[in-house]
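> fold the stuff below for me.
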Amino acid sequence: MNQINRAAIVGGSHGNELIGVYLVKKFQKYPHLIKRANFETLSLLGNPKAIAARRRYIDRDLNRCFTENNLTTDITSSYEELRAKEIQQILRPQNQEFVDVIIDLHTTTANMGLCIILGNMHPLLLGLAANISAINPLVKVYSHQQPRNSGFLRSLSELGFAIEVGAVAQGVLSAELFKQTEQLVYAVLDYFEECNQGKIPPTHNTLTLYQSIGAVDYPRNEDGEIQAMIHPQLQFRDYEPLHPGEPIFLTFEDEEIFYEGESTVYPIFINEAAYYEKGIAMYLSQKEVIHTI
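Residues are numbered from 1 along each chain as shown. All right, here's what the predicted structure looks like:
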């Protein structure tokens, strides 16, 4: 079992995702809320300029700037690339103790509810996910694996992960989701505290995991312009089964486009507003039940 010495809670990597922004501001004002007996917890606003502007980012998506190439080069072409280097120095300073855990707070316009996003299958993260989802069945667990320094903030740490909640519009606060996210953060910190105390028994737990298998873009013409929308029957059905032959898109001429895969999949991040520019209409996942130790 890993000993957790320092954890970091980061909100506002995207400046218009306000739940993370205001949770971090609350933790900075009332640090006793995230204080635990046997490890230190930092709280950090990810993208201050974008937060002030109420925009997702200033020049480019901060949560894609934590790449090996950007973090090791002296050349910086955007504010977010510079900010990624600053965050790395805060969380992983040279020749100093660095954070063991990164909890990256996000919101989505998709109907994701409460979701923990794992970047790897570390046993401690799987145990955390199994524990939290058992306590609160509303919590879903999504695995979108990335190597270290793959661009995502959470990839700075082997024990980095994201908490993604929605649906909530960009630039809008939801009191219900705010409170649910806050309680989820406390549960995560409590779990790590109990792990450090050796109170988590090494028993087998069952975890329902949605494993990413790829992204689907909107139908586009030769100029890259979108030619269809998410089908009304699919909208807001995150985590629900999508069977071969079921409608997935609807053109502006009311023509249905059907899912042509050979097996049942489970869409994630359906119609996320920030993903239009990334060429992603949704991610597809496989639903698995695994046993953790």
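> roughly how far apart are Gly46 and Asn131?
Gly46 sits 26 Å away from Asn131 when distances are taken as C-beta to C-beta, to the nearest Å. Where C-beta positions appear, they are placed from N, C-alpha and C, glycine not excepted.
> out of those two, which sits in the busier spot?
Ranked by neighbour count (other C-beta atoms under 10 Å), Gly46 and Asn131 place Gly46 first, with 26 against 20.
> tell me the contacts of the more buried one?
For Gly46, the contacting residues are 10-14, 20, 62, 83, 87, 104, 153, by C-beta atoms under 8 Å, 6 or more residues apart in numbering.
> I'd like these laid out as CSV, including pLDDT.
Formatted as CSV, those follow (pLDDT from 0 to 100):
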residue, pLDDT
Val10, 98
Gly11, 98
Gly12, 98
Ser13, 98
His14, 98
Gly20, 98
Leu62, 98
Arg83, 97
Ile87, 97
Asp104, 98
Leu153, 96
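> just the closest of those residues to Glu68, please.
Distance to Glu68, by C-beta to C-beta, is smallest for Leu153 among those, at 14.0 Å.
> grab the nearest non-local neighbour of the closest one.
Asp104 (5.0 Å; C-beta to C-beta, 6 or more residues apart in numbering).
> so what's that neighbour bridging to?
Val10, Ala162 (DSSP bridges).
> doesn't Phe161 make contact with it?
Yes - using C-beta atoms under 8 Å, Asp104 is in contact with Phe161, at 7.1 Å.
> please enumerate the shared neighbours of those two.
Arg154.
> now the helices: where do they sit in the stretch 51-200 of the chain?
Secondary structure of the stretch 51-200 of the chain, counting by DSSP state H, counting those that start in this stretch: helices at 68-72, 79-91, 123-135, 175-196.
> least confident of those helices, on average?
Across those, helix 68-72 has the smallest mean pLDDT, namely a mean of 89.
> show me what that one is packed against.
Under the contact criterion of 3 or more C-beta pairs under 8 Å, 6 or more residues apart in numbering; DSSP states H and E, helix 68-72 touches helix 79-91.
> for the helix it packs on, packing partners?
strand 40-45, helix 48-53, strand 66-67, helix 68-72.
> buried ones in it, by neighbour count?
79-81, 83-85, 87-88, 91 (16 or more other C-beta atoms under 10 Å).
> ok, stretch 15-28 next?
The neighbour-count check on stretch 15-28 (16+ other C-beta under 10 Å) flags 15-21, 23-24, 26-27 as buried.
> next: stretch 234-248.
234, 237-239, 242, 248.
> out of the helices and strands packed on helix 79-91, which one sits most buried?
Compared across those, strand 66-67 shows the largest average neighbour count, a mean of 22 (mean count of other C-beta atoms under 10 Å).
> sheet partners, orientation included, of that strand?
The strands that strand 66-67 pairs with in its sheet are strand 150-151 (antiparallel) (by DSSP bridges).
> lowest-pLDDT helix or strand in the chain?
strand 150-151 (a mean of 84; mean pLDDT, DSSP states H and E).
> before we move on, the earlier item: can you put the buried residues of helix 79-91 in a markdown table and add distance to Glu260?
Shown next, in a markdown table, are the buried residues of helix 79-91 (distance: C-beta to C-beta, whole Å):
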| residue | distance to Glu260 |
| --- | --- |
| Tyr79 | 41 |
| Glu80 | 37 |
| Glu81 | 39 |
| Arg83 | 41 |
| Ala84 | 38 |
| Lys85 | 43 |
| Ile87 | 41 |
| Gln88 | 42 |
| Leu91 | 43 |
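> what's the spacing between Tyr266 and Ala167?
17 Å.
> okay, and for the stretch 151-293 of the chain, where does confidence drop off?
Flagging of the stretch 151-293 of the chain using pLDDT under 70 yields the residue ranges 201-204, 293.
> for the residue of the chain positioned farthest from its centre, which three-state class applies?
Going by C-alpha atoms, centre = their mean, the residue of the chain most distant from its centre is Glu253, 34.8 Å out. Secondary structure, DSSP: H, G, I helix; E, B strand; the rest coil: Glu253 is coil.
> what does the least confident helix or strand of the chain rub up against?
Residues outside strand 150-151 that contact it (C-beta under 8 Å, 6+ apart): 63-67, 119.
> also stretch 174-186?
Stretch 174-186 is contacted by residues 9, 19-20, 22-23, 26, 33-34, 103, 105, 107, 114, 132, 136, 138-139, 163, 165-166, 168 when judged by C-beta under 8 Å, 6+ apart.
> any chance of the contacts of strand 150-151 in TSV, with pLDDT and distance to Arg220 too?
Output for these, formatted as TSV (pLDDT from 0 to 100; distance: C-beta to C-beta, whole Å):
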residue	pLDDT	distance to Arg220
Asn63	97	24
Arg64	95	21
Cys65	96	26
Phe66	95	29
Thr67	93	27
Gly119	93	29
